[in-house]
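Peer 1: What follows is a protein structure lacking sequence information:
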Ligand code: AQP
């Protein structure tokens, strides 16, 4: 039997944070043997908020190099850039015709992002429909993403079911795959919001490519609480978040970490956490530098990836067009 399909993507909307790493990237690697995986750099999603073209180009290649540096293997997985496969936009349009405005306006990410914009563009509203197209184009069974994307995957399931019942079985209904710990890494400055690469406060996030000094400084400045009680609970959200980051990097259990630091001040823990993250990111940062400087290699990967992805995407799109009633050329 054919292996099931895994699909995920990351926006090149800034430099990636350890939230993106723990919630998504880190989990991509282990899926490559068991499933047929597609990993995309979703540049069309990134332009739903303002981007500097030069920076967008740089960030797109950075994400590609990070994918490869982390261990995505182009012989096992299809690695490509979303705008190279126009079928995403085509299926996105079809799905827009069955997605309701009310449904899209209820999306938390839409509400958050539109609050932050002076003028709300239609692209932000339609973002989850394009995401549904990304996933459904490849008959995806599993979508490894962070908790913030759950609502979008649920919308994807809903659109797939709606299309299937209107036109007969066409799309596989996908399931979300989130990590047990670290599915929602929070801002280091405000534990009520998630860590985000587009946050205007650089102390709120650790970037995968941050240097040692920046990592130490940001953890030192991370907010905690005044209880001075080393414990893991929902009343101490900021500390809980730091412990989640720690265990995501070391693979230890929360209990082990809490037992080790109980009775000590937060300062020592924060300093050790910085060491753990610096050491954890070091091999990735080293490989990233080597790969990022090889432009020809990167071009080869994204060109071949787009060819393979287009082939699969076309198969689904042809079916969709036929069912809708478009005339085949
Ligand atoms: N804080 C987070 N904790 C756990 N997982 C996270 N992800 C993002 N932030 C966290 C996961 O990373 C993957 C890629 O996300 P994305 O770039 O497609 O968009 P996003 O979810 O909107 O991430 P950002 O960093 O907040 O980007 P901006 O600031 O551009 O909107 C997804 O799997 C996501 O769940």
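Peer 2: Yep, that arrived. Since we're looking at a predicted model, the values are computed, not measured. Numbers count the residues shown, from 1 in each chain.

Peer 1: any idea where the helices of the chain begin and end?
Peer 2: Ranges of helices in the chain, per DSSP state H, are 18-20, 26-28, 43-46, 53-70, 87-96, 101-105, 108-116, 122-136, 150-167, 212-221, 237-250, 254-261, 266-292, 295-324.

Peer 1: got JSON lines for these, with distance to the ligand and mean neighbour count too?
Peer 2: Heads up, the C-betas are built off the backbone N, CA and C, glycines and all. Supplementary listing: the helices of the chain in JSON lines, determined by distance: least, CB to the nearest ligand atom, whole Å; neighbours: other CB atoms under 10 Å:
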{"stretch": "helix 18-20", "distance to the ligand": "3", "mean neighbour count": "25"}
{"stretch": "helix 26-28", "distance to the ligand": "9", "mean neighbour count": "20"}
{"stretch": "helix 43-46", "distance to the ligand": "6", "mean neighbour count": "22"}
{"stretch": "helix 53-70", "distance to the ligand": "9", "mean neighbour count": "19"}
{"stretch": "helix 87-96", "distance to the ligand": "14", "mean neighbour count": "19"}
{"stretch": "helix 101-105", "distance to the ligand": "16", "mean neighbour count": "11"}
{"stretch": "helix 108-116", "distance to the ligand": "7", "mean neighbour count": "14"}
{"stretch": "helix 122-136", "distance to the ligand": "8", "mean neighbour count": "22"}
{"stretch": "helix 150-167", "distance to the ligand": "9", "mean neighbour count": "18"}
{"stretch": "helix 212-221", "distance to the ligand": "14", "mean neighbour count": "16"}
{"stretch": "helix 237-250", "distance to the ligand": "9", "mean neighbour count": "21"}
{"stretch": "helix 254-261", "distance to the ligand": "17", "mean neighbour count": "15"}
{"stretch": "helix 266-292", "distance to the ligand": "14", "mean neighbour count": "17"}
{"stretch": "helix 295-324", "distance to the ligand": "17", "mean neighbour count": "16"}
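
Peer 1: For the residue in the stretch 1-150 of the chain that the ligand sits nearest to, which residues are in contact?
Peer 2: Going by CB to the nearest ligand atom, the ligand is nearest to residue 23 of the stretch 1-150 of the chain, at 1.9 Å. Residue 23 is in contact with 145, 146, 147, 148, 178, 179, 182, 183, 184, 185, counting by CB atoms under 8 Å, 6 or more residues apart in numbering.

Peer 1: again, only this time at 10 Å
Peer 2: Residues near residue 23 by CB atoms under 10 Å, 6 or more residues apart in numbering: 10, 17, 144-149, 178-179, 182-185, 194-195, 248.

Peer 1: Sitting in strands, which of these do you find?
Peer 2: Counting by DSSP state E, the contacts of residue 23 place 10, 144 in strands.

Peer 1: Just the buried ones from the contacts of residue 23, in PyMOL syntax?
Peer 2: Buried members of the contacts of residue 23, defined by 16 or more other CB atoms under 10 Å, are picked up in PyMOL with:
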select buried, resi 10+17+144+145+146+148+149+178+179+182+183+184+185+194+195+248
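
Peer 1: right, and residue 203 touches residue 195 too?
Peer 2: No - counting by CB atoms under 10 Å, residue 203 does not reach residue 195; the two are 11.1 Å apart.

Peer 1: Now do the shared contacts for those two.
Peer 2: Counting by CB under 10 Å, 6+ apart, the residues touching both residue 203 and residue 195 are 187, 188, 189.
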